[in-house]
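**Q** task: produce atomic coordinates for the following.
(one chain, ligands or ions: 1)
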Amino acid sequence: MLAYLDHQATTPCDPAVVAAMAPWWTEQFANPASRLHRPGLLAAAAVDQARAQVLGQLGLAGHDPADAEVIFTSGATEANNLALKGLAEAELAAGGSRRQLVTLATEHRAVLDPLRYLARHGFRLSELPVGGDGLVDLDQLEAALGPDTLVVSVMAANNEIGVLQPLAAIGALCRQRGIPFHCDGAQAVGHLALKPAELGIDLLSLSAHKFYGPKGIGALAISRPLTLAPQLHGGGQQGGLRAGTLPVPLIVGLAAALNLAQADRLEREQRLGALRDQLWQGLEALGGIGLNGAASPRLAHNLNVCVGGVEGGALHRALRRQLAVSGGSACSSGEPSHVLAALGLSRLEAAASIRFGLGRATTAAEIGQAIEAVAGALSQLRGPRG
Ligand SMILES: Cc1ncc(COP(=O)(O)O)c(C=O)c1O
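**A** Predicted structure coming up:
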């Protein structure tokens, strides 16, 4: 049996979430913008309820509705684009002079690419390096900030190496200077207790399929009044900020998944942290395997290791019948990992790295299978030991 250990790429949609979505596909299919009939009003109420639940789970429920908002998007990619390009275009439209964008070299491409796009259109991008542990240097970040800094964008949890950036400290630096702080929370929401307002995060991106919800739905949570330029123009839905018919089943699914993920979060974190540690101990004992990124602070369900003395392609070919794992980001289209490069790994080391992402259904037997599979691959590729 193949052990699926690629939960940073995506998670299965929980059956309870599928059940919560079911009536909204078929029986209650009305458009929530149809305000003149009861089915439309019921659909609008379901969206409102889901939005309230998301705000509640993010600790934004008590905030003034004019300040805290949730904009539903197709995922974290779109949420990141709305936050970053939305801020930049709003600055231009207002005749503002802030042009500097600050981020980390290890961000997901869904942050780096919109920022690089803006850098080709009159903005200035500072991509800060990280330490060998994958963490930001706060002094370096502080030194990079200036009067024309428009936004700081730093992810909560890295999608390849799972390390957690010091969000509260970054939030404080931004708040002191009145700089908007955007955080890509795609790998953290539903896995950590992320309360954006408490951390000084103004804009938080999330994606439901990373926390056992459906694919194709995400959100940008906004925790203080900020002007964003819409990136999709059309029917004026969501206050004109993101046009397009609201996908009610997906929105209901996102909220249901977030509620479920928060309900079993601590239990999951403990259980998967113990399994992950077991996996690391087993792999370390094989010899010549190093950990990529800080051991802590790190997502409990992530492990990323570099396997010495083997060629990456051969390693992954040897594993793929038994393990569904990743070499780096699932979205990096075969290029060497820019995250592992930023930690100082060579191309060969990055290629011979394995990302393990544990999930809700991961068992101790699968962890044993993973250790066995790597041991088998090593004896095949390095030759029998001893
Ligand atoms: C950190 C991070 N940001 C953004 C994304 C993009 O999410 P989506 O593909 O759901 O838009 C991902 C997904 O891989 C991610 O891990």
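**Q** going forward, measure contacts between C-alpha atoms and count neighbours the same way
**A** Fine.
**Q** number of residues surrounding the residue lying closest to R360 once chain neighbours are set aside?
**A** Using C-alpha to C-alpha, 6 or more residues apart in numbering and skipping the chain neighbours, the partner closest in space to R360 is R268 (6.6 Å). R268: 20 surrounding residues under other C-alpha atoms under 10 Å.
**Q** R268 is in what secondary structure piece?
**A** Assigned by DSSP states H and E, R268 belongs to helix 265-284.
**Q** ok, and what's touching that helix?
**A** Contact with helix 265-284 is made by 190-192, 289-290, 300-303, 358-360, 362-364, 367-368, 370-371, 374-375, as judged by C-alpha atoms under 8 Å, 6 or more residues apart in numbering.
**Q** again with stretch 93-111
**A** Contacts for stretch 93-111 (C-alpha under 8 Å, 6+ apart): 76-77, 80-81, 88, 91, 112, 115, 122-130, 134, 136, 144-145, 147-155, 158-159, 184, 332, 338-339, 342.
**Q** over to stretch 156-165?
**A** By C-alpha under 8 Å, 6+ apart, stretch 156-165 touches 8-9, 106-108, 134-136, 154-155, 166-167, 183-188, 292-299, 302-304, 328-329, 339, 355.
**Q** span of it from start to end?
**A** Distance across stretch 156-165, first residue to last, is 6 Å (C-alpha to C-alpha, to the nearest Å).
**Q** just the buried subset of the contacts of helix 265-284, please.
**A** Neighbour counting by 16 or more other C-alpha atoms under 10 Å classes 190-192, 289, 300-303, 358-360, 362, 367, 370-371, 374-375 among the contacts of helix 265-284 as buried.
**Q** related to what we said a few turns ago, ok, and of the contacts of stretch 156-165, which contact the ligand?
**A** Restricting the contacts of stretch 156-165 to those within reach of the ligand (C-alpha under 6 Å from any ligand atom) leaves A9, H108, D184, A186, Q187.
**Q** helix, strand, or coil at the last one?
**A** Assigned by DSSP: H, G, I helix; E, B strand; the rest coil, the conformation of Q187 is coil.
**Q** end-to-end on stretch 124-138?
**A** Using C-alpha to C-alpha, the two ends of stretch 124-138 sit 20 Å apart.
**Q** pull out the buried positions in that stretch.
**A** Burial within stretch 124-138, assessed by neighbour count using 16+ other C-alpha under 10 Å, is assigned to R124, L125, S126, E127, L128, P129, V130, G132, D133, G134, L135, V136.
**Q** tell me if the second one really is in a helix.
**A** No. The assignment for L125 by three-state DSSP gives strand, which leaves it out of any helix.
**Q** quick one, what contacts it?
**A** Taking C-alpha under 8 Å, 6+ apart as the test, what L125 contacts is Q100, L101, V102, T103, L115, R116, A119.
**Q** so what pLDDT did it get?
**A** Looking at L125, its pLDDT reads 98.
**Q** spatially nearest residue to it, not counting backbone neighbours?
**A** Nearest to L125 is L101, by C-alpha to C-alpha, 6+ apart, at 4.8 Å.
**Q** show me what the one you found is bridged to.
**A** Beta-bridge pairing of L101 under DSSP bridges involves L125, V151.
**Q** what about it, distance to the ligand?
**A** Here L101 is placed at a distance of 17 Å from the ligand (C-alpha to the nearest ligand atom, to the nearest Å).
**Q** count the neighbours of that residue for me.
**A** L101: 24 neighbours (other C-alpha under 10 Å).
**Q** SS state for L345?
**A** Per three-state DSSP, the secondary structure class of L345 is coil.
**Q** need the pLDDT of it.
**A** If you check L345, the pLDDT there is 97.
**Q** pull the contacting residues for it.
**A** By C-alpha under 8 Å, 6+ apart, the contact set of L345 is empty.
**Q** please apply the same query to the one 3 residues further on.
**A** By C-alpha under 8 Å, 6+ apart, the contact set of L348 is E311, G312.
**Q** any idea how far the residue nearest to R360 lies from the ligand?
**A** R268 is 19 Å from the ligand, by C-alpha to the nearest ligand atom.
**Q** tell me how far that residue lies from A370.
**A** 19 Å.
**Q** please narrow the buried ones among the contacts of helix 265-284 to those residing in strands.
**A** Under the assignment DSSP state E, the buried ones among the contacts of helix 265-284 contribute I289, N302, L303 to strands.
**Q** hmm, T11 and Y212 touching each other?
**A** Yes. With contact defined as C-alpha atoms under 8 Å, Y212 counts as touching T11 (5.2 Å).
**Q** these two: which is more packed in?
**A** Neighbours per residue (other C-alpha under 10 Å) separate Y212 from T11, with Y212 holding more: 28 against 23.
**Q** show the pLDDT at the nearest residue to that one once chain neighbours are set aside.
**A** Nearest residue to Y212, sequence neighbours excluded (C-alpha to C-alpha, 6+ apart): C13, at 4.5 Å. With respect to pLDDT, C13 has a value of 98.
**Q** and C13, how far is that from Q278?
**A** Counting by C-alpha to C-alpha, the separation of C13 from Q278 is 26 Å.
**Q** just give me the neighbour total for L279.
**A** 20.
**Q** just the buried ones out of the contacts of stretch 156-165, please.
**A** For these, a neighbour count by 16+ other C-alpha under 10 Å gives the buried set as 8-9, 106-108, 134-136, 154-155, 166-167, 183-188, 292-295, 298-299, 302-304, 328-329, 339, 355.
**Q** just the ones in strands from the residues you listed, please.
**A** With DSSP E as the criterion, strands contain C183, D184, N302, L303, N304, R355 from among the buried ones among the contacts of stretch 156-165.
**Q** from the residues you listed, which single one is nearest the ligand?
**A** Set against the ligand, the nearest of these by C-alpha to the nearest ligand atom is D184 (5.8 Å).
**Q** you'd agree the closest one is up against V152?
**A** No. Using C-alpha under 8 Å, D184 is not in contact with V152, being 10.9 Å away.
**Q** which residues do those two both contact?
**A** Contacts common to D184 and V152, judged by C-alpha under 8 Å, 6+ apart, are absent.
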